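1. sequence-free structure coming up:
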């Protein structure tokens, strides 16, 4: 099967890694001819390293983007793929208008956002990364939705891949320091609150504990975070907070960590390295991954919304609890590693994706359903007009209204094996 994988951008981030790794396994293990269509970006190095066929897409400054639609149509005409596999909602608008509706080319969408965008066409086969989002999409009227968990290469991300002592030394961390690591895009939307709360927690704990915070990443909020870190380091009279920048492979940072604070694929990747994880989100949310909290996270995703607290007290409490018990950290790290191997193994997720690609490529939606989606999506587009804003790479604006606001999750487990 020939597949065009259409990515909105090749920005540094966990979901971009997910897409590239899945494409590589589809090619190597399932015989697919995968062509990656995306604008140039920092992750192009990983694409090259993976030896994926790459066709450069025009960078988009609005959606739908006429230049990108034209380039995609030309690619589809020359390659004649069985499927255009679209990664994230921004790219969907271009693919839907360029090749799905006028050319009736089958498409499959994977959306790893933390909400269900109301604008999504309901008849387009779509995957979400959590059972909770699948339920919300179905409740909102989507007819062809499936669960596709964020995949982790458990061979390339595992305890022992990097030597922790050497990794710590490379980051300038001493043996007596308790190292808290965050690997994240440094942006205000969604990520900013927890980044500031982590800095606040270190400022409070740093007077009594040899705590060290390593924030790996880059983005629009970087200078602001560096300014705060510099002030706190001066107050504590030591380098308690470091921001070394973005790493194409953040594996050494995970390996060096005693505790990881994160959300989404960053939290899952830390788990693969056998690290205890404090999952963060918005509105003051912070909770340690434990056997008791795992069912909730497996259902809602490794992200949460708190009760609106604007301070770092909850995160501080979780970090302090892990700092004071190395034995608990060790037990939770082993639990994390096993959880990843059971539920998020790359090979298992790729096998599921291949089945979804087969189904999407052979599906022929009814003309009336396609027309209904066109009118509905077009009406929301015109009313919201958010896609008419200029949206460069990694812009920090919301992706339309969610189908429903987050509600307290039900507990559920997700079965799988590796």
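-> Now that the structure is in, tell me what you want to look at. Please read these numbers as outputs of a predicted model, since none were measured by experiment. Numbers count the residues shown, from 1 in each chain.

2. correct me if wrong: residue 209 contacts residue 179.
-> No. The criterion here is CB atoms under 8 Å, and residue 209 misses it with residue 179 at 11.7 Å. Where you see a C-beta, it was placed from the backbone N, CA and C, and this is true even at glycine.

3. so for those two, which sits in the more crowded spot?
-> The neighbour comparison of residue 209 against residue 179 (other CB atoms under 10 Å) goes to residue 179, with 22 against 16.

4. and residue 47, how many residues sit next to it?
-> Residues near residue 47, counting by other CB under 10 Å, number 22.

5. what separation do you get for it and residue 56?
-> 11 Å (CB to CB, to the nearest Å).

6. find residues that contact each of these two.
-> Any residue near both residue 47 and residue 56 by CB atoms under 8 Å, 6 or more residues apart in numbering counts here, and that gives residue 38.

7. for the stretch 101-250 of the chain, which segments count as strands?
-> 107-111, 126-128, 145-147, 178-183, 211-216, 241-245 (DSSP state E, counting those that start in this stretch).

8. do you know how far residue 247 is from residue 180?
-> Residue 247 is 17 Å from residue 180, by CB to CB.

9. okay, these two: which has more neighbours?
-> With neighbours defined as other CB under 10 Å, residue 247 and residue 180 compare such that residue 180 has more, 25 against 14.

10. for the more buried one, give me its contacts.
-> Residue 180 touches 198, 202, 211-214, 257-261, 319, counting by CB under 8 Å, 6+ apart.

11. of these, closest to residue 358?
-> residue 260 (36.3 Å; CB to CB).

12. nearest to residue 83, of the contacts of residue 180?
-> Nearest member of the contacts of residue 180 to residue 83, counting by CB to CB, is residue 260, at 35.7 Å.

13. just checking, that closest one touches residue 277?
-> Yes. Checked against CB under 8 Å, the pair residue 260 and residue 277 is within contact range at 5.0 Å.

14. need the overlap of contacts for those two.
-> Common neighbours of residue 260 and residue 277 (CB under 8 Å, 6+ apart) are 267, 270.

15. how much space is there between residue 188 and residue 224?
-> Counting by CB to CB - residue 188 and residue 224 are separated by 8 Å.

16. and what of residue 73?
-> For residue 73, the distance to residue 224 (CB to CB) stands at 41 Å.

17. that older thread, pipe the contacts of residue 180 into TSV and attach neighbour count per row.
-> TSV is the format used below for those (neighbours: other CB atoms under 10 Å):
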residue	neighbour count
198	27
202	23
211	24
212	26
213	27
214	21
257	29
258	21
259	25
260	28
261	30
319	27
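
18. mind checking which of the strands of the stretch 101-250 of the chain is nearest residue 170?
-> The nearest among those, by CB to CB, is strand 241-245 at 9.6 Å.

19. who does that closest one touch, helix- and strand-wise?
-> strand 211-216, helix 222-236 (3 or more CB pairs under 8 Å, 6 or more residues apart in numbering; DSSP states H and E).

20. tell me which of these sits most buried.
-> strand 211-216 (a mean of 24; mean count of other CB atoms under 10 Å).

21. tell me the mean pLDDT for that one?
-> Average pLDDT, strand 211-216: 98.

22. may I have the strands that pair with that strand, each with its orientation?
-> strand 178-183 (parallel), strand 241-245 (parallel) (DSSP bridges).

23. I'd like the next helix or strand past the last one.
-> Downstream of strand 241-245, the first helix or strand assigned by DSSP states H and E is helix 251-256.

24. who touches that following helix?
-> 156-157, 159, 161-164, 167-168, 170-171, 173, 179, 181, 183, 214, 216, 247, 260, 269-270, 272-273, 275.

25. next helix or strand past that helix?
-> strand 259-262.

26. can you list the strands that that next one pairs with?
-> strand 178-183 (parallel), strand 277-280 (parallel).

27. could you pull up the mean pLDDT of that strand?
-> Strand 259-262 carries an average pLDDT of 98.

28. one step back: single out the most deeply packed of the strands paired with strand 211-216.
-> For the strands paired with strand 211-216, the highest mean count by mean count of other CB under 10 Å goes to strand 178-183, at a mean of 25.

29. what pLDDT, on average, does it get?
-> Computed over strand 178-183, the average pLDDT equals 98.

30. do you know how far residue 228 is from residue 129?
-> Separation of residue 228 from residue 129 (CB to CB): 31 Å.

31. returning to what we had before: want to throw the contacts of residue 180 into a markdown table with distance to residue 110?
-> Shown next, in a markdown table, are those (distance: CB to CB, whole Å):
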| residue | distance to residue 110 |
| --- | --- |
| 198 | 29 |
| 202 | 35 |
| 211 | 37 |
| 212 | 36 |
| 213 | 32 |
| 214 | 30 |
| 257 | 28 |
| 258 | 33 |
| 259 | 30 |
| 260 | 25 |
| 261 | 26 |
| 319 | 33 |
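
32. of those, which is the nearest to residue 377?
-> Nearest member of those to residue 377, counting by CB to CB, is residue 261, at 37.3 Å.

33. wait, that closest one sits on residue 278?
-> Yes. Between residue 261 and residue 278 there is a contact at 4.8 Å, judged by CB under 8 Å.

34. what do these two both touch?
-> 286, 315, 319.

35. so can I have a markdown table of those residues showing distance to residue 24, pLDDT and secondary structure?
-> Shown next, in a markdown table, are the shared contacts of residue 261 and residue 278 (distance: CB to CB, whole Å; pLDDT from 0 to 100; DSSP: H, G, I helix; E, B strand; the rest coil):
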| residue | distance to residue 24 | pLDDT | secondary structure |
| --- | --- | --- | --- |
| 286 | 34 | 96 | strand |
| 315 | 35 | 96 | helix |
| 319 | 36 | 97 | helix |
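
36. low-confidence ranges, this structure, go.
-> Applying pLDDT under 70 to the chain flags residues 384-418.

37. rerun that using 50 as the cut-off
-> 387-417 (pLDDT under 50).

38. can I see the domain layout of it?
-> 2-151+345-388, 164-343 (automatic domain parsing).

39. starting at the chain centroid, how far to the last one?
-> Same thing as domain 164-343. Centre-to-centre, domain 164-343 and its host chain are 16 Å apart (CA atoms, centre = their mean, to the nearest Å).
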